[in-house]
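1. Any chance you can model this:
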Amino acid sequence: MAVAKIIEISASSDKSFEDAVQQGVQRAHDTLKNVKSAWIQDQQVEVENGQITEYRVIMKVTFILKD
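-> From the prediction side, this is the model:
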């Protein structure tokens, strides 16, 4: 039997939403063990002078707890 935990994290990038997701997943992988999935809950951008300066995602990350 496996037990999983779900946490919420925010990740950002100055390139794209895809890059923000990749950075968030990579950081979760580097910090947590047994990361199994990520669900993108929300996306938003920061705007300065009419230009997008930052892409941000809020994601829920699932990982399996050790026995």
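2. Please, which helix or strand holds the residue nearest the centre of the chain?
-> Geometric centre of the chain, nearest residue: G24, 3.6 Å, by Cα atoms, centre = their mean. Mapping G24 onto the secondary structure by DSSP states H and E places it in helix 17-31.
3. and what of T53?
-> T53 is part of strand 51-64, with elements assigned from DSSP H and E.
4. how distant is that strand from the center of its chain?
-> 4 Å (Cα atoms, centre = their mean, to the nearest Å).
5. Pull up the pairing partners for it, direction included.
-> Partners of strand 51-64 in the sheet, by DSSP bridges, are strand 4-13 (antiparallel), strand 35-48 (antiparallel).
6. Give me the angle between the first one and helix 17-31.
-> So that's strand 4-13. Counting by axes from the mean of the first three to the mean of the last three Cα atoms, to 10 degrees, strand 4-13 lies at 130 degrees to helix 17-31.
7. Can you pull out the low-pLDDT segments for the protein?
-> Along the chain, no part satisfies pLDDT under 70.
8. Any idea how many residues pack against A38?
-> 20 (other Cβ atoms under 10 Å). Every residue, glycine included, has its C-beta placed from N, CA and C.
9. swap that for A11, please
-> Based on other Cβ under 10 Å, the number of other residues close to A11 is 23.
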